[in-house]
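Engineer: My questions are about this predicted structure, shown below with the sequence.
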Amino acid sequence: MKKNWHLAKNIPLDFQKKFPGYNPVVLQLLYNRGFRDAHQIEEFLEPKYEKLSSPFELTDMDKAVSRILKSVAQEEKITIYADYDADAVTACAVMYYGLKQLGATDVSYYIPDRFSEGYGMNLEAIRQISSDGAKLMITVDCGINSVKEVALANELGLDVIVTDHHHITGKLPKAVAVVNHKRDEREDLSGITGVGMAFKLVQALFFVLHPESYGEHKWKKPKLKLDKKTLTAAKEKLLPNTPPHWEKWLLDLVAIGTVADIQSLLGESRILVKYGLQVMGKTRWAGLKQIFRNAGVDEFKKFDTFDIGFIIAPRINAAGRIQHADIALKLLISQTPEEASMYAGQLEQLNTHRQRLTEQIFSEARSQIELQHHNKILVAIGEEWPKGVVGLVASRLVEEFNRPTVVLEKSNGQATGSGRSVGDFDLVEALTHVEVHLERYGGHAGAAGLTLKEDKIELFRQAITDFAQDKIKDALPEKLRSIDAVLEPGEVSLKLVKELKKFEPHGPGNPPPVFLLSGLRLENLKLVGVKGKHLRVKASKDKHVLNLIGFSKGYLEKQYRPGESVDVLVEPSENVWNGRTDLQLRILDIKKS
Ligand SMILES: [Mn+2]
């Protein structure tokens, strides 16, 4: 297969002249990420908490704050309506902790069941929440398109505040306040997810109660629709000894939800995640501490986005995928180590179960797909595969086969599934093309969901296969690798890695830097790890000797021989072991030169 490597253009001379003090490699990386002037570069390299914009710049924030403070003052029951993924669960925890600290006396939450209720708000749940006595409902990470549900709540005398970050597809629900940065079309907030929106609301509430501590932000005082008496009553409820900026303790939860939702990590989301990772090392939450302990993570370590993406978020998500997201939320808001240990134990079991199921279904789906190697789109179908893991399986199949993939589970005459795409193949376009066979579908170009009748499965499979055959003319290229710069072995050092740290945290919009080392002579290849899963490589060029490591790349050992000349894509980092810090060069891809 032909390698699909794309090397970024060298920075223009005038750009280099404009910033003479910078390391040229750093400058190249900044240029590759789209930064052109001094202001943009400073914003990116020095993300500061004080630089967050005022939450009151968001439409309806004043209304939301006024209504919540009234609830606090009058001791009304408040219910948070969340959803079952990690963004929503952390958003719910942020809202819960925030309201509790404000002194709200009766706070509860509602998370729908993935299997019986599905995503978002539903009428039955609204009736339940109202009959349980809530007077105010605050949605997190959902609700922006729930016009019918909000109308019912209004009828029942239940006020609603919507906080969300999803696209607005039609009319806005008639809620007391609808807070969603999509309404304000703010580029700097595009990466703010459900938990970030919940945080902004909490931040706005604390600002009203501690205005003096916000001088450093230079935020304007909002005009609230609240009489003095109610405001004073609300202020008196605030838990004693709440320090200014108490809400910063919530930033670790904000970082988890934001990274888990895979949104852009530029603009304000970069600030939230950067500080959130620092707060995580001194977290106040018993539940988080217990997750770290059970996962074997040092709770005082320097956390990074990898810890969230591969250790914390999958555990939180496992609850909703396998059983019910309530367990993850109960863990995050646990008040004692004992309680936390109980829920974390349950979560650990669910996560192990989730892993086992994903493995099992992955291998079943994989064996179906191996027979389809001529097809441009892959379709796997299984009897009663759990709904919560078909998306995970589709993602892994795309990783391995580099082709758009749909994984369906069928039960009771129905089939539900998840698709994941690759390159510029638009899944929603494909599903629209075959919609006569479908009951329901939706999503984005890269990831979509669908439901159909069981007797339509074969028609669907044929139609989407034909569509893909037509659409994808050439052989599918291998995974696109964007390369930041070419480095000579002498330029790769711990000093460089230190400079690269300024680019963290990494995520969409700001991937980890990738470098090309060309014309290396292979000295020695060695399999390491369980069953020789990983590959250790010694290579040299111009008297420099480099040690490289390929995680899960043991299969390459048979394809290369010492003495051969190769080009390698690497991600340099630090490897701290036994108190020693070494340079680590992780192999991303390799080819003969
Ligand atoms: Mn979300």
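Structural biologist: Received, thanks.
Engineer: what about the closest residue to residue 118 other than its chain neighbours, which helix or strand?
Structural biologist: Among residues not flanking residue 118 along the chain, residue 112 sits closest, at 6.9 Å (C-beta to C-beta, 6 or more residues apart in numbering). C-beta coordinates here come from the backbone N, C-alpha and C atoms, glycine included. Following DSSP states H and E, there is no helix or strand that holds residue 112.
Engineer: what's the distance between residue 112 and residue 441?
Structural biologist: 20 Å (C-beta to C-beta, to the nearest Å).
Engineer: for the spatially closest residue to residue 158 that is not a sequence neighbour, what are its contacts?
Structural biologist: In space, and not counting its chain neighbours, residue 158 is closest to residue 130: 4.6 Å by C-beta to C-beta, 6+ apart. Going by C-beta atoms under 8 Å, 6 or more residues apart in numbering, residue 130 touches 153, 156-158.
Engineer: nearest to the ion, of these?
Structural biologist: Nearest to the ion, judged by C-beta to the ion, of these is residue 153 at 21.3 Å.
Engineer: For that closest one, give me phi and psi.
Structural biologist: Backbone geometry at residue 153, expressed as degrees, to the nearest 10, gives phi -60, psi -50.
Engineer: what number of residues lie near it?
Structural biologist: Residues lying near residue 153 (other C-beta atoms under 10 Å) number 26.
Engineer: quick one: it and residue 147 touch, right?
Structural biologist: No: with contact defined as C-beta atoms under 8 Å, residue 153 does not reach residue 147; the gap is 11.0 Å.
Engineer: who's more crowded, residue 112 and residue 441?
Structural biologist: residue 112 (23 against 19).
Engineer: can you pull the contacts of that one?
Structural biologist: Taking C-beta under 8 Å, 6+ apart as the test, what residue 112 contacts is 83-84, 118-122, 125.
Engineer: buried subset of those?
Structural biologist: Restricting the contacts of residue 112 to buried positions leaves 83-84, 120-122, 125, with burial counted as 16 or more other C-beta atoms under 10 Å.
Engineer: Could you identify the least confident member of the residues you listed?
Structural biologist: Minimum pLDDT across the buried ones among the contacts of residue 112 is recorded for residue 120, with 87.
Engineer: Could you report the distance from that residue to residue 191?
Structural biologist: Residue 120 is 22 Å from residue 191, by C-beta to C-beta.
Engineer: Next, count neighbours for residue 481.
Structural biologist: 15.
Engineer: these two touch, right, it and residue 7?
Structural biologist: No: under the criterion of C-beta under 8 Å, residue 481 makes no contact with residue 7, lying 9.3 Å away.
Engineer: So which residues on the protein come close to the ion?
Structural biologist: 87, 141, 193-194, 261 (C-beta under 5 Å from the ion).
Engineer: Now for those: which two are most distant?
Structural biologist: Across the residues of the chain next to the ion, the longest distance by C-beta to C-beta is 8.4 Å; it joins 141 and 261.
Engineer: Quick check: which ranges of this structure have low pLDDT?
Structural biologist: Along the chain, segments meeting pLDDT under 70 span 1-2, 475-478.
Engineer: can you rerun that using 80?
Structural biologist: 1-2, 213, 215-217, 373, 423, 443-444, 473-480 (pLDDT under 80).
Engineer: just checking, what's the longest helix in it?
Structural biologist: The residue-count maximum for a helix in the chain (DSSP state H) belongs to helix 337-369.
Engineer: which strands and helices sit next to it?
Structural biologist: helix 286-295, helix 313-322, helix 326-332, strand 378-383, helix 387-401, strand 405-411 (3 or more C-beta pairs under 8 Å, 6 or more residues apart in numbering; DSSP states H and E).
Engineer: Turn the ones you listed into a markdown table, including mean neighbour count.
Structural biologist: What follows is those, written out as a markdown table (neighbours: other C-beta atoms under 10 Å):
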| stretch | mean neighbour count |
| --- | --- |
| helix 286-295 | 21 |
| helix 313-322 | 24 |
| helix 326-332 | 25 |
| strand 378-383 | 20 |
| helix 387-401 | 20 |
| strand 405-411 | 23 |
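Engineer: Out of these, the one nearest residue 468 is which?
Structural biologist: strand 378-383 (9.2 Å).
Engineer: mind exporting that closest one as CSV, just the C-alpha atoms?
Structural biologist: Extracted in CSV, the C-alpha atoms of strand 378-383 (Å, rounded to 0.1, in the frame of the first residue of the first chain):
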residue,chain,number,x,y,z
LEU,A,378,-17.6,-2.9,5.4
VAL,A,379,-20.8,-4.1,7.1
ALA,A,380,-21.0,-6.5,10.0
ILE,A,381,-24.2,-7.8,11.6
GLY,A,382,-24.6,-9.7,14.8
GLU,A,383,-27.5,-11.2,16.8
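Engineer: per-domain residue ranges of this protein.
Structural biologist: With domains defined by automatic domain parsing, the chain comprises 50-253, 281-354, 361-471, 481-592.
Engineer: Of these, give the one that comes closest to residue 268.
Structural biologist: It's domain 50-253; of these, that one is closest to residue 268 (C-beta to C-beta) at 5.6 Å.
Engineer: And that closest one, how far out from the chain middle?
Structural biologist: Chain-centre distance of domain 50-253: 21 Å, with C-alpha atoms, centre = their mean, to the nearest Å.
Engineer: Between the two ends of it, how far is it?
Structural biologist: 19 Å (C-alpha to C-alpha, to the nearest Å).
Engineer: that older thread, can you say which of the domains of the chain is nearest to residue 12?
Structural biologist: domain 481-592 (14.3 Å).
Engineer: End to end on the closest one, go ahead and measure it.
Structural biologist: Termini of domain 481-592 sit 16 Å apart (C-alpha to C-alpha).
Engineer: ok, back up a step: please tabulate the helices and strands packed on helix 337-369 in TSV, including the columns distance to residue 306.
Structural biologist: Converted to TSV, the helices and strands packed on helix 337-369 look like this (distance: least, C-beta to C-beta, whole Å):
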stretch	distance to residue 306
helix 286-295	12
helix 313-322	11
helix 326-332	20
strand 378-383	28
helix 387-401	17
strand 405-411	25
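Engineer: which one of the ones you listed lies closest to residue 237?
Structural biologist: helix 326-332 (23.2 Å).
Engineer: can you list contacts of that closest one?
Structural biologist: For helix 326-332, using C-beta under 8 Å, 6+ apart, the contacting residues are 82, 86, 89-90, 92-93, 109, 111, 253, 285, 287-288, 290-291, 315-320, 339-340, 343-344, 346-347, 350.
Engineer: gap between it and the chain center?
Structural biologist: That offset, for helix 326-332, works out to 18 Å (C-alpha atoms, centre = their mean).
Engineer: Give the burial count for residue 196, as a bare number.
Structural biologist: Residues near residue 196, counting by other C-beta under 10 Å: 29.
Engineer: Hmm, I typed the wrong one, I wanted residue 447.
Structural biologist: 17.
Engineer: What of residue 497?
Structural biologist: 18.
Engineer: Touching, it and residue 571? I think so.
Structural biologist: No: using C-beta under 8 Å, residue 497 makes no contact with residue 571, being 10.1 Å away.
Engineer: Am I right that residue 525 sits in a strand?
Structural biologist: Yes: judged by DSSP: H, G, I helix; E, B strand; the rest coil, residue 525 forms part of a strand.
Engineer: surely it meets residue 537?
Structural biologist: Yes: here residue 525 reaches residue 537: they are 5.5 Å apart, a contact under C-beta under 8 Å.
Engineer: Make sure residue 585 is indeed in a helix.
Structural biologist: No: under three-state DSSP, residue 585 sits outside any helix and is assigned strand.
Engineer: Kind regards, and thank you for your time.
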